[in-house]
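Student: The following comprises the amino acid sequence and a computationally predicted model.
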Amino acid sequence: MPETIYYVADTVLENKSAYSQHVIKMCDAFGLVGKNVKLIVPYKSSKINYRTLKKSFLLRSKKPFDIKIVLNRKINNFFDRIFFGNYVAKYLKNKKSTLILTRSFYSSFFLSLFKIPHYLEIHSEIKSLTKFFMINLNFFNSKNVIKKILISKALNKIFSFKENEIIILHDGVDIKNFKKIKKIKHPKIASYVGSFYKGRGIEIILELAKKFPKLKFNLYGKKNSKLITNLKNVKVFNFTPYSKVPKILQNSDILLMPYANKVEVNAKNINTSDYCSPLKMFDYLASGKIILSSKRDGICEILKHQKNSIIINKYNIKEWSKEINNVLKKKYDLFSIQKKAIKTAKNYTWLNRANIILKSLTLNS
């Protein structure tokens, strides 16, 4: 087994993205299983250190992970990604008895050039020059990529990797961040936590608020000047640190994931709708509340209608209103759904995720 785990990510730790949260939580999980962990990123501000991350993300490992900076500036363009990948490969070239994981395609490209074995984690489709380097130049199939880790089975419909080349690992959650569930008697609060990018269903939520004036709707994300509402039962909050998210979810009754047919991320021309496996979905499950979600392939690998959630087949106000009404009138066994949501969450912890990767390494060594 490796003495040290290096996790490479071309993100900025203070940018409040799901990407950063995923990376930080995985580093914590590897620490929980007793590994020395070093996180390699292009840049961080002087305010960010392990102690600040521990507080913000509710980290639990007694072994703090180190943060290594190799570029000392934020990545703003293609050339920055190239420089970052090159610096990463040079830094890792002579490291022994290690496990290397990367979320950075260009780091994978240079690690392969330097003949350094590593795992490549993929959470979305790729476009433009990245597609050229990784697919057209066949670097996805480099023998130095031990395994490709995909965020959902649905994502492999785009890449068509062979089964023995991949590991399917959805995102995760730390169950210990959540308290024991309480039976929902009379649903009063519906919440949404996440970004307000186009396709995240904010317009559906505002329409629902009009139709259900007695139900309170809380939206936690990033306040947007375009998101203006005078509805008295809607509150829009600014970005909320992850440390407060468990309490927010457990103070709610209904949790919303109204994804449209096209879902944008913080990147142009990327539509994650069909294959996304939202990180917040696992927090939603762990909170033991009633989840209402759009029917999407990646999501429905985890969420099952009337089992651990309510799945809504069509993205329109009519179908969403119908299902909200069903929940309010208790046409479903809500407590059964609550209990099965938590049961599902226990199968998708960060710790389980880390152990699966380590087991894969053992099987491939």
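Tutor: The structure has been received and is ready for your questions. Numbering: from 1, shown residues only.
Student: Now that Met26 has come up, it's in contact with Arg353, right?
Tutor: Yes. Met26 lies in contact with Arg353 (Cβ atoms under 8 Å); the separation is 6.9 Å. Quick note: C-beta positions are derived from backbone N, CA and C, even for glycine.
Student: and these two? which has more neighbours close in?
Tutor: Met26 (26 against 22; other Cβ atoms under 10 Å).
Student: do you know how far that one is from Val145?
Tutor: Separation of Met26 from Val145 (Cβ to Cβ, to the nearest Å) stands at 18 Å.
Student: Tell me how many other residues crowd Thr362.
Tutor: 9.
Student: if you average pLDDT over the strand or helix carrying it, what comes out?
Tutor: Applying DSSP states H and E as the criterion places Thr362 in helix 350-364. The average pLDDT for helix 350-364 rounds to 90.
Student: now for it, which elements pack on it?
Tutor: helix 18-32, strand 98-102, strand 145-150, strand 166-168 (3 or more Cβ pairs under 8 Å, 6 or more residues apart in numbering; DSSP states H and E).
Student: can you give me how far it is from the chain middle?
Tutor: 18 Å (Cα atoms, centre = their mean, to the nearest Å).
Student: Pull out the C-alpha coordinates of it and format them as CSV.
Tutor: Extracted C-alpha coordinates of helix 350-364, given in CSV (Å, rounded to 0.1, in the frame of the first residue of the first chain):
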residue,chain,number,x,y,z
TRP,A,350,-16.3,9.7,1.4
LEU,A,351,-14.6,7.0,3.5
ASN,A,352,-16.2,4.2,1.4
ARG,A,353,-15.0,6.0,-1.7
ALA,A,354,-11.4,6.3,-0.5
ASN,A,355,-11.4,2.6,0.5
ILE,A,356,-12.7,1.5,-3.0
ILE,A,357,-9.8,3.4,-4.7
LEU,A,358,-7.2,1.9,-2.3
LYS,A,359,-8.6,-1.6,-2.9
SER,A,360,-8.5,-1.0,-6.7
LEU,A,361,-4.8,-0.1,-6.4
THR,A,362,-4.1,-3.3,-4.5
LEU,A,363,-5.9,-5.4,-7.2
ASN,A,364,-3.9,-3.7,-9.9
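Student: Run the angle between it and strand 98-102 for me.
Tutor: Orientation check (axes from the mean of the first three to the mean of the last three Cα atoms, to 10 degrees): helix 350-364 against strand 98-102 gives 120 degrees.
Student: what angle do helix 350-364 and helix 18-32 make?
Tutor: 70 degrees.
Student: The chain should start at 24 in everything you say after this.
Tutor: Happy to do that; since the first residue is 24 now, the last one works out to helix 373-387.
Student: Report the buried residues of helix 373-387.
Tutor: 373-374, 376-377, 380-381, 383-384 (16 or more other Cβ atoms under 10 Å).
Student: Could you list which residues are in contact with the residue sitting nearest the centre point of the chain?
Tutor: Geometric centre of the chain, nearest residue: Leu302, 3.0 Å, by Cα atoms, centre = their mean. Residues near Leu302 by Cβ atoms under 8 Å, 6 or more residues apart in numbering: 41, 44-45, 194.
Student: Over to Phe163?
Tutor: By Cβ under 8 Å, 6+ apart, Phe163 lies in contact with 143, 157, 171, 182, 184.
Student: if you set the cut-off to 7 Å instead, what comes out?
Tutor: Applying Cβ atoms under 7 Å, 6 or more residues apart in numbering to Phe163 gives the contacts 157, 171.
Student: So it belongs to a helix, correct?
Tutor: Yes. When DSSP: H, G, I helix; E, B strand; the rest coil is applied, Phe163 is found to be in a helix.
Student: if we can go back for a sec, wait, which of the helices and strands packed on helix 373-387 is closest to Ser317?
Tutor: Ser317 sits nearest to helix 41-55 of all the helices and strands packed on helix 373-387, at 17.5 Å, using Cβ to Cβ.
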